[in-house]
Structures are given as C-alpha cells and as structure tokens.
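Undergrad: no FASTA, just this:
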C-alpha cells in the first residue's frame, strides 16, 4: 500500500482539497486497496478545525466528496509512516523538511513537480481564489497518480 500525506500551512484549504481530490481519483479507478491518503499542516494555527468553507464549496461544486477531516500537524513520525509527503509550496517543503529532521529517503516533494512545474499551488487563504487552487491541485494529483501507477 502506498501512503501519501498532503501538507500545507494550516491543513484546512489546500492539503484537505488535495486529500479529497486524490481520494476521488483513486476511487474512480477502483484502486482504493492500493493507497492510503491523508493530510496535515506544518503549523499549529488551525489544529482541530474542519476544512475551510471555500474548499468545501469548491469540492461540492465539482461533485467531489469531501473527506471528513480535522486539521492536524505533521510530525517527525509521519516521515517514517508515509511513502510520499507532498507539500503545496516552497515554504511547506522547507517546514516539512525541518519537522522531519531532513529528507534522507527523498520522500518530500512539491505537488506540481509531478506535473513538470516548479510552481507553488495557489494559496486561497490569501486570494480567496479556490478555483485556481482546485485547478492546480487537480493537475498535480492527476500527474502524481500517473507517476505512481507507472512505477507499480
């Protein structure tokens, strides 16, 4: 089973959206028994909070089921437990590496690198633009799943 942890700053916008989008892509292909998907934050600011209403509304609009979730913080143990730790932006990658105490096994990636882009996933916390975030996440998750299936 491949274990993937999506990570953003607060675990209420981007990483929870990625968790739901990736879970949906996997279910569409009937691959649920091959993957475990979760999400976490690099900060403690939103711990215990549900997904942001903008994430909830965007997923509802595109008919993707929201994975029930409460914000949690990534831990050093997560580095051991997961095969892929996927950050949404450069700051997330820096903080994830700090939390993990490095990346000796090469498990930490920025999501859009799988789509051959160095771009960060747009952060709707600042822009309110959940459409662009959804587009970025869908592009990244689709490319990530393709990458993983090619290696199975």
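TA: Thanks, I have the structure now. Because the structure is a prediction, the values reported are computed rather than measured. Numbers count the residues shown, from 1 in each chain.

Undergrad: select the longest helix from this protein.
TA: In the chain, taking DSSP state H as the definition, the longest helix is helix 130-150.

Undergrad: report the buried residues of that helix.
TA: Buried residues in helix 130-150, defined by neighbour count with 16 or more other Cβ atoms under 10 Å: 130, 133-134, 136-141, 143-145, 148. No exception for glycine: its C-beta is placed from N, CA and C like everyone else's.

Undergrad: can you pull out the helices in the chain?
TA: Taking DSSP H to define them, one finds helices in the chain at 14-28, 53-61, 76-81, 90-100, 124-127, 130-150.

Undergrad: quick one: list the elements packing against the shortest one.
TA: Same thing as helix 124-127. Applying 3 or more Cβ pairs under 8 Å, 6 or more residues apart in numbering; DSSP states H and E, we find helix 124-127 packed against helix 130-150.

Undergrad: for the helix it packs on, what is the average pLDDT?
TA: If you average the pLDDT over helix 130-150, you get 98.

Undergrad: about what we covered before: out of the helices of the chain, nearest to residue 112?
TA: Nearest to residue 112, of all the helices of the chain, is helix 130-150, at 4.9 Å by Cβ to Cβ.
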